[in-house]
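Colleague: sequence and predicted structure are below.
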Amino acid sequence: MKKNFNTGLGKSVEADRVKLSRRRRQILRELGLSEELDSTELAERMLVQAKANRILVKTLEEKDRELARMDFILSVRDSEIKVKEARIAELASRVAEHGGSRKPVIKTSTNSSVPPSGNPIGIRHTQSRLKPSGKKSGGQKGHSGSTLLQSENVTETQQWYPVSVCPECEKPLEMDSAIVCATRQVVDIPLPIAATVVNHMTMQVKCSCGHCCKGQFPEEVNAPVSFGPNIMAMTSYLSTYQNVPFKRLTHLYETIFGLHISEGSVSNMLNTMRKFSKTPYEMIRQKVAGGKVAGADETGINVNGKNNWLWAFQNTVATFLAFDSSRSHHVINKHFTGEEQGNKVWVTDRLPAYFMGDVGMEDHQICIAHLLRNLTYTMQAFVDDPWSLDMLDLLRDSVHHRNENDIGEAV
């Protein structure tokens, strides 16, 4: 019987196909795919998975780079922390060297911009910032001094003669031969100081035609009884410049001049003088506005129980005062134009109103008094650092030379 090789080959191929089909179904089950998936669909699924794998690999590479960068940053931070720890240890050792018992420096009105009212109990409100000279107090040797000089405008002379008999020989003295041997003066105010009262009367004359012609009072004589310009000027001076209250002012007039003036009259006189003061007030403002250097400051002022602000703008020629309920930059712009503000150097403290954008104060010099107080604080807080003391001496010497006109021409 003849062997059929094709039959054996076919059985072998069929057996392999069965094995492959079984393996294929197993792989598909492990991949979570359907066992009925054909080759085309399987290829497509494998392509999608390959793309996802590439994206995942790229993402992992980026994460690795990010981790490497973070490791570098952490190493730098660790280095910085070590440097700071070393600095902390150094400072701690310095504190330990000084005993660690030094109290923190408290800011007061003597070493900062804290107002005197904010000082703790027991702190002096004032403290001299003058550099000690080492000399005794009082007049120094070689000081020329000054004394009250005798006046040439003598209103009265009194002569004082000796007794009419010589105390040595008891002979009578010839008083007509007396000469002046010494002169002394006594300056005094005569009492009582009496106010003058001027009667103003208008006269009338009857013309031959029968018309009655009457004179006219001067413009300033506008009431049955009124106070003259000297009393009004003195009232304005004592109240405004010397700060004498209304009640004391009326008492002063009563006791010294014998004048009865009510507080209402004082108020009326001040209101009248205010009208006369508008022109010179504007002239003072222009003097300050026209200078090359001006100082500015403000202080609280209580009026009728409410807090207000008195602003001061000054130079070497004039001082312009402005009263306002506000402490903002609007007050500056109200009294000075942008051009007037920008044409000079302003000496001020660090109040934000002086540094606002719409304020024309471009050139600034911080007040020397404030700088001296700040340097006093740093000198107290950092006793081992000589910079504060050196700077303090520099400013003091500069002020001294300026006061002695030892810096050349002023600019």
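Modeller: Happy to help now that I have it. Residues are numbered from 1 along each chain as shown.
Colleague: rest of the way, CA atoms for contacts and neighbours
Modeller: Fine.
Colleague: so the spatially closest residue to P104 that is not a sequence neighbour versus S151, what's the distance?
Modeller: Nearest residue to P104, sequence neighbours excluded (CA to CA, 6 or more residues apart in numbering): A381, at 7.3 Å. Using CA to CA, to the nearest Å, A381 is found at 57 Å from S151.
Colleague: please say which of the two ends up with more neighbours.
Modeller: Neighbours were counted for A381 and for S151 using other CA atoms under 10 Å; A381 has more, 16 against 8.
Colleague: need the pLDDT of Q242.
Modeller: Predicted confidence (pLDDT) for Q242: 93.
Colleague: neighbours around it, how many?
Modeller: 10.
Colleague: and it, its phi and psi?
Modeller: Note on Q242: its backbone torsions stand at phi -90, psi -10 [degrees, to the nearest 10].
Colleague: all the strands of the stretch 301-411 of the chain, residue numbers only.
Modeller: Taking DSSP state E, counting those that start in this stretch to define them, one finds strands in the stretch 301-411 of the chain at 306-314, 319-324, 345-348, 363-366.
Colleague: low pLDDT regions in the protein?
Modeller: 1-25, 27-43, 97-102, 123-134, 406-411 (pLDDT under 70).
Colleague: recalculate using a threshold of 50.
Modeller: 1-2, 5, 411 (pLDDT under 50).
Colleague: any idea which residue is closest to the centre of it?
Modeller: D349 (2.9 Å; CA atoms, centre = their mean).
Colleague: that one: what's it in contact with?
Modeller: Residues near D349 by CA atoms under 8 Å, 6 or more residues apart in numbering: 297, 366-367, 370.
Colleague: and what of I193?
Modeller: 256-257.
Colleague: wait, is it part of a helix?
Modeller: No - under DSSP: H, G, I helix; E, B strand; the rest coil, I193 sits outside any helix and is assigned coil.
Colleague: how much space between it and Y253?
Modeller: 10 Å.
Colleague: go on, K334?
Modeller: K334 is 38 Å from Y253, by CA to CA.
Colleague: then L238?
Modeller: 11 Å.
Colleague: kindly report the same for Y354.
Modeller: Distance from Y354 to Y253, by CA to CA: 43 Å.
Colleague: more neighbours: which of these two?
Modeller: Y354 (22 against 16).
Colleague: which residues touch the more buried one?
Modeller: Y354 touches 329, 348, 361, counting by CA under 8 Å, 6+ apart.
Colleague: number of nearby residues for L372?
Modeller: 21.
Colleague: which residue packs closest to it, ignoring adjacent ones?
Modeller: Using CA to CA, 6+ apart, the nearest residue to L372 is L392, at 6.4 Å.
Colleague: share the number of residues neighbouring the one you found, please.
Modeller: 20.
Colleague: show me the contacts for it.
Modeller: L392 sits in contact with 372, 375-376, where contact means CA under 8 Å, 6+ apart.
Colleague: closest to R54 among these?
Modeller: L375 (67.6 Å; CA to CA).
Colleague: grab the nearest non-local neighbour of that closest one.
Modeller: Counting by CA to CA, 6+ apart, the residue nearest L375 is S388, at 5.6 Å.
Colleague: tell me the spacing between that neighbour and H401.
Modeller: S388 is 20 Å from H401, by CA to CA.
Colleague: who has more neighbours, those two?
Modeller: Counted by other CA under 10 Å, S388 and H401 do not tie: S388 has more neighbours, with 21 against 13.
Colleague: do you know how far that one is from R94?
Modeller: 19 Å.
Colleague: same thing with G215?
Modeller: With CA to CA as the criterion, G215 and R94 are 94 Å apart.
Colleague: go on, E339?
Modeller: 53 Å.
Colleague: name the next helix or strand downstream of the helix or strand harbouring R45, please.
Modeller: Following DSSP states H and E, one finds R45 within helix 39-97. Next helix or strand after helix 39-97 toward the C-terminus (DSSP H and E): strand 204-206.
Colleague: ok, back up a step: for the contacts of L392, give me JSON lines that also has distance to L56.
Modeller: Conversion of the contacts of L392 to JSON lines gives the following (distance: CA to CA, whole Å):
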{"residue": "L372", "distance to L56": "68"}
{"residue": "L375", "distance to L56": "64"}
{"residue": "T376", "distance to L56": "66"}
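Colleague: what about those residues, which are in helices?
Modeller: Judged by DSSP state H, these include 372, 375-376 as members of helices.
Colleague: just the residues you listed now: which is nearest C209?
Modeller: Using CA to CA, the ones in helices among the contacts of L392 come closest to C209 at L372, 84.7 Å.
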